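Enquirer: Give the three-dimensional model of this entry:
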Amino acid sequence: MIETFGKVDICVIGPGADWNAEAISDLPSESCLKDLRQEVAPVYHLLPPLFRDMKRRSCGRIVGISSNLHIPSPSYSYNVAKAARTEALLRAADEAWTMGITVNVIAPGPVGPFSDLRTAAAFCGHGKEWTERKRVTPQDIAEGVAFLCSEEARYLSGCVLPYLF
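Expert: Model prediction:
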């Protein structure tokens, strides 16, 4: 990535685990380990080159998308994988801070898709759909990421930004 773009200022590490809602007694271990790998492997693959690049410039923003683990969910392996992603990122925050890098986590509950482009545009403009929403939307996530990557959030690192509705 650095070879392609020359530098990376912001990296958002998106979600990855599958949804396995089986009871723990029925979970295939292969599926659980796949969930764990899908959530944690991007962190392990991305942090070393990002830290080396961002350290040279003493700046950078890393935001991981995880899950609000305080919202009940029937998927044991999904929750464990998300908790591992969150911890992997938070454990990196102290070292990152010494290099001028912030590491934070966005932790939404269930996020539904937009039904069409018109609705997405209305949310961007904070129209009626925005003010009357009943759950977390992709726009909420995007605005959280934008805030954590802004100058206003330059002193926030090791933060989990939860979305509760």
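Enquirer: mind checking how far the residue of the chain most remote from its centre is from Lys134?
Expert: Largest separation from the mean C-alpha position in the chain: Ser25, at 28.9 Å (Cα atoms, centre = their mean). Ser25 sits 34 Å away from Lys134 when distances are taken as Cβ to Cβ, to the nearest Å. (Each C-beta comes from the backbone N, C-alpha and C, glycine too.)
Enquirer: Please apply the same query to Asp140.
Expert: 12 Å.
Enquirer: Compare neighbour counts for these two and give me the winner.
Expert: Asp140 (18 against 7; other Cβ atoms under 10 Å).
Enquirer: from the chain's centre, how far out does the helix or strand containing Arg85 sit?
Expert: Arg85 belongs to helix 76-97 when elements are defined using DSSP states H and E. In terms of Cα atoms, centre = their mean, to the nearest Å, the centre of helix 76-97 is found 10 Å from the chain centre.
Enquirer: Give the buried residues for it.
Expert: For helix 76-97, the neighbour count (16 or more other Cβ atoms under 10 Å) marks 76-82, 84-86, 88-90, 92-93, 96 as buried.
Enquirer: Tell me where the model's unsure across this protein.
Expert: Across the chain, the ranges flagged by pLDDT under 70 are 1, 165.
Enquirer: what about the residue positioned nearest the centre of it, distance to Leu148?
Expert: With distances taken as Cα atoms, centre = their mean, Ile65 lies nearest the centre of the chain, 1.0 Å away. For Ile65, the distance to Leu148 (Cβ to Cβ) stands at 11 Å.
Enquirer: Identify the contacts common to these two.
Expert: Ile106 (Cβ atoms under 8 Å, 6 or more residues apart in numbering).
Enquirer: ok, back up a step: just checking, the residue nearest to the centre of the chain touches Gly14?
Expert: Yes - here Ile65 reaches Gly14: they are 5.2 Å apart, a contact under Cβ atoms under 8 Å.
Enquirer: now for the buried residues of helix 76-97, which pair is the farthest apart?
Expert: Greatest spatial distance in the buried residues of helix 76-97: Tyr76 and Ala96, 30.0 Å, computed using Cβ to Cβ.
Enquirer: Please enumerate the strands of the protein.
Expert: For the chain, strands defined by DSSP state E occupy the ranges 10-13, 60-65, 101-107, 160-162.
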